[in-house]
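> requesting a structural model of the entry that follows:
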Amino acid sequence: MARPLRINVAGGWYHVMSRGNGGEALYRTETDRRRFLGLVAELPERFGTEVHAFVLMDNHYHLLLRCRRAELSEALRWLQTAYAIRFNWAHRRRGHVFQGRFKSVLIRDEGALDVVARYLHLNPVRVGGLGLSKEDQRRAKVVGCPDPGRR
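Residues are numbered from 1 along each chain as shown. Coordinates of the predicted model:
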């Protein structure tokens, strides 16, 4: 079965995410995080992509992007390939760094941007060990605002 085509819209807003291969860490060191963010910082000049929010978790990342040109796939292919090459070289390893294709959600309603940004920014605090997992928040309404993951 063929995979679904990506929706590339000039001026489109996207929530983009990708995980480490097999759930492995994408960032083993602080240098890895800086290396990835350095590449993210190149997206505006290379691809006309505006980076409005991001979160780097140990084994995945989220980006809130606006693509001035319809080049989301090209931008993310470059980002992930460039990072994988550097990551593999730095850690003397081979093989895939990212698990499958990146996921992207086109945000059609600009009014929902604050909901997506809130979701991204709250992602790090939703750690089960702190009692702040998504399920814990649904039960206790810990944050004091509606869970952006529920709509």
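> can you tell me what sits against the helix or strand Met17 falls within?
Secondary-structure assignment from DSSP states H and E places Met17 in strand 12-19. Judged by CB atoms under 8 Å, 6 or more residues apart in numbering, the contacts made with strand 12-19 from elsewhere in the structure are 26, 59-67, 70, 72, 76, 80, 98-99, 101-107, 110, 113, 116, 119-120. Every C-beta, even on glycine, is put in place using the N, C-alpha and C of the backbone.
> show me which of these are buried.
Burial by neighbour count, judged by 16 or more other CB atoms under 10 Å, picks out 26, 60-67, 72, 76, 80, 98-99, 102, 104, 107, 113, 116, 119-120 from these.
> just the residues you listed: which are in strands?
Judged by DSSP state E, the subset of the buried ones among the contacts of strand 12-19 located in strands is His60, Tyr61, His62, Leu63, Leu64, Leu65, Arg66, Cys67, Ser104, Ile107.
> mind listing what Arg68 touches?
Arg68 touches Ala10, Gly11, Gly48, Thr49, Glu50, counting by CB under 8 Å, 6+ apart.
> equivalent analysis for Leu65, please.
For Leu65, the contacting residues are Trp13, Tyr14, Val16, Leu43, Thr49, Glu50, Val51, His52, Leu72, Ala75, taking CB under 8 Å, 6+ apart as the criterion.
> name the helix or strand for the residue nearest to the fifth one when sequence neighbours are not counted, please.
So the one you mean is Thr49. Of all residues not flanking Thr49 in the chain, Leu43 sits nearest, at 4.2 Å (CB to CB, 6 or more residues apart in numbering). Secondary-structure element containing Leu43, defined by DSSP H and E: helix 30-47.
> for that helix, packing partners?
With contacts defined as 3 or more CB pairs under 8 Å, 6 or more residues apart in numbering; DSSP states H and E, the packing partners of helix 30-47 are strand 49-56, strand 60-67, helix 72-90.
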